[in-house]
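Student: compute the structure for the input listed below.
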Amino acid sequence: MAAAVSPFSGVLQLTDLDDFIGPSQECIKPLKMEKKPGKAAAKIRIEDDGTYFQVDQDGGAQKLEKAKITLNDCLACSGCITSAESVLIMQQSHEELYKVLSANKASGSAPQKLVVVSISPQSRASLAARFKLTPLDTAKRLTAFFKKLGVHFVFDTTFSRNFCLLESQREFVRRFRRQSADKKALPMLAAACPGWICYAEKTHGSFIIPHISTTKSPQQVMGSLVKGHFAQQQHLTPDLIYHVTVMPCYDKKLEASRPDFFNQEHQTRDVDCVITTGKVQSSIQIRLVLATRPSSLLSLRFSSLSEEQLLGHSGGGSGGYLEHIYKYAAKELFGIQVEDVQYKPLKNKDFQEVTLEKDGRVLLQFALAYGFRNIQNFVQKLKRGKLPYHYVEVMACPSGCLNGGGQAKAEGEPSKDLLQQVERLYESVQPQDPETSQEVRDLYDQWLGGPDAEKARRTLHTQYHAVEKARGGFNIKW
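Tutor: Now for the predicted structure:
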């Protein structure tokens with residue numbers, strides 16, 4: 001399938017041919033039909049318009065309803081994630097947000113749900129470039145836009161990424177120290193990209209899963225924070241909060257719909273709805289808000305803000321995982337303070353490596369691999385036992401998250417130029433070391449019981465599942 005047909009990342013489009021449903025085919029959820037004793041099997045009649053009828057022995061016909069596919073069905077299947085968006089993201093549409101907001105307005109002074117929107121820094125940078133604003137201006141105007149719609153709180157997932165970076169750092173050091181006893185402890189592979197995770201689970205399963213970091217992504221850590229600690233602060237159960245995220249890629253919709261991030265007790269997801277940057281851009285209202293001067297004060301809670309200045313993280317537009325883990329590990333494992341990380345481009349700019357040496361001996365060797373081709377290459381090397389790296393920052397999209405398929409689209413200028421502006425604006429935000437955040441330290445104590453507590457491990461980490469290949473007509477390799 002051509003990339004233009006599907007909004008999902010290339011990793012989810014370019015896998016094996018048996019992981020594919022053509023655009024002319026429809027994905028249906030198989031239904032188990034119980035055969036009643038004493039009755040012959042009914043016949044199925046298909047009308048010209050594609051309608052199905054069950055025809056009984058006596059000639060009576062009953063119209064059959066097509067099964068609806070949820071994202072849970074999709075993720076539990078080893079088939080394709082590249083067919084019609086309407087099938088896959090039924091519950092991940094901006095229309096669902098508008099329904100909740102409309103229901104709140106109709107209920108008057110007692111809204112049915114508290115609505116929270118968490119915005120990714122990549123989405124903010126994309127909209128800033130598209131509308132020629134600073135990241136701070138964009139943050140303020142996005143806050144004004146969502147509050148005008150009826151949203152109660154607007155947060156920044158840069159804040160939740162502090163936890164992701166800290167947890168990833170500690171996880172890597174633990175893996176490094178046990179590598180002699182656990183052959184699959186290293187290399188550790190990043191887990192923040194859901195496109196890569198889906199590909200890994202469905203294509204390489206139990207072989208690759210032990211290598212993948214268990215730390216949740218910023219989106220899902222924010223989901224745990226909003227539906228957990230924040231819900232308690234508001235004296236609400238998690239199901240009375242409707243949590244929306246604005247993200248740079250469509251694959252985040254798949255991540256939010258994973259069963260692992262569903263609260264069985266309260267029957268609610270940590271993230272109820274994911275809206276892409278491009279969907280926000282296409283709104284007529286956002287164009288009006290971003291083109292004029294109205295703005296709103298930014299939330300001081302769960303945001304990265306210091307004296308009217310946005311804060312971010314160093315290490316590139318995909319979260320800076322490699323850089324933060326590398327610096328932390330160098331100091332923690334070898335007592336070496338690294339100030340600047342020197343990247344060495346290999347075959348292309350989306351595959352680079354970083355090496356820590358002392359007295360001619362390699363202590364640490366890290367790499368970043370963005371895009372499907374580079375992912376394929378390093379996975380094959382890992383399978384052959386030829387991958388030299390201790391850690392790989394993996395992202396499905398070429399150029400990483402800033403170039404996600406859900407980002408704002410260029411109008412009247414080359415996409416490459418717009419991406420360069422997005423990168424420049426993203427990097428213009430003042431970097432902050434996660435260890436220096438007092439609010440993060442306080443939350444570790446108040447919310448999680450400390451960095452080493454069982455609740456911290458349970459809340460900030462997840463697990464992955466090998467998906468067994470289905471055996472069916474569409475799986476036959478001709």
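Student: centroid-wise, who is the farthest residue in the protein?
Tutor: Within the chain, residue 58 marks the point farthest from the mean C-alpha position, 52.5 Å out by CA atoms, centre = their mean.
Student: please identify which helix or strand holds residue 186.
Tutor: In this structure, residue 186 sits in neither a helix nor a strand according to DSSP states H and E.
Student: residue contacts, it?
Tutor: By CB atoms under 8 Å, 6 or more residues apart in numbering, the contact list for residue 186 reads 175-176, 179, 211, 390-391. Every C-beta, even on glycine, is put in place using the N, C-alpha and C of the backbone.
Student: just list the residues touching the residue nearest the centre of the chain, thanks.
Tutor: Residue closest to the mean C-alpha point of the chain, counted by CA atoms, centre = their mean, is residue 252 at 3.4 Å. Listed by CB under 8 Å, 6+ apart, the contact partners of residue 252 are 194, 219, 245, 274, 406.
Student: tell me how many other residues crowd the closest residue to it other than its chain neighbours.
Tutor: Of all residues not flanking residue 252 in the chain, residue 274 sits nearest, at 4.8 Å (CB to CB, 6 or more residues apart in numbering). Residues near residue 274, counting by other CB atoms under 10 Å, number 28.
Student: next: residue 114.
Tutor: Number of residues near residue 114 (other CB under 10 Å) recorded here: 18.
Student: ok, it - contacts?
Tutor: Contact partners of residue 114, counting by CB under 8 Å, 6+ apart, are 152-153, 234, 236, 240-242.
Student: how does it look with 6 Å?
Tutor: Applying CB atoms under 6 Å, 6 or more residues apart in numbering to residue 114 gives the contacts 152, 241.
Student: if we can go back for a sec, wait, a strand at the residue farthest from the centre of the chain?
Tutor: No: remark: residue 58 does not belong to a strand; assigned using DSSP: H, G, I helix; E, B strand; the rest coil, it is coil.
Student: what separation do you get for it and residue 148?
Tutor: When distance is defined by CB to CB, to the nearest Å, residue 58 is 60 Å away from residue 148.
Student: equivalent analysis for residue 354, please.
Tutor: For residue 354, the distance to residue 148 (CB to CB) stands at 44 Å.
Student: which one of these two has more residues nearby?
Tutor: Set residue 354 next to residue 148 and count neighbours by other CB under 10 Å: residue 354 wins out with 20 against 14.
Student: quick check: closest non-adjacent residue to that one.
Tutor: Nearest residue to residue 354, sequence neighbours excluded (CB to CB, 6+ apart): residue 366, at 4.6 Å.
Student: can you tell me the SS state at the one you found?
Tutor: Assigned with three-state DSSP, residue 366 falls in the strand class.
Student: just list whatever residues bridge to it.
Tutor: Applying DSSP bridges to residue 366 gives these bridge partners: residue 354, residue 391.
Student: give the next helix or strand downstream of the longest helix belonging to the chain.
Tutor: The residue-count maximum for a helix in the chain (DSSP state H) belongs to helix 157-177. Using DSSP H and E, the next helix or strand after helix 157-177 towards the C-terminus is strand 188-189.
Student: relative to residue 56, how far out is residue 159?
Tutor: Here residue 159 is placed at a distance of 60 Å from residue 56 (CB to CB).
Student: sorry, slip of the keys, the one I care about is residue 247.
Tutor: To residue 56, residue 247 is 49 Å away according to CB to CB.
Student: these two: which is more packed in?
Tutor: Taking other CB under 10 Å, residue 247 and residue 56 do not tie; residue 247 has more neighbours (31 against 12).
Student: residues in contact with that one?
Tutor: Applying CB under 6 Å, 6+ apart, the residues near residue 247 are 120, 274.
Student: if we go to 7 Å?
Tutor: Remark: with contacts taken as CB atoms under 7 Å, 6 or more residues apart in numbering, residue 247 is in contact with 120, 123, 219, 274, 276, 406.
Student: widest-spaced pair of the contacts of residue 186?
Tutor: The largest separation in the contacts of residue 186, counting by CB to CB, is between 176 and 211 at 13.1 Å.
Student: who has more neighbours, these two?
Tutor: residue 211 (21 against 17).
Student: partners of the closest residue to the more buried one other than its chain neighbours in the sheet?
Tutor: Sequence neighbours aside, residue 189 is the residue nearest to residue 211 in space, at 4.9 Å (criterion: CB to CB, 6+ apart). Counting by DSSP bridges, residue 189 is bridged to residue 212, residue 392.
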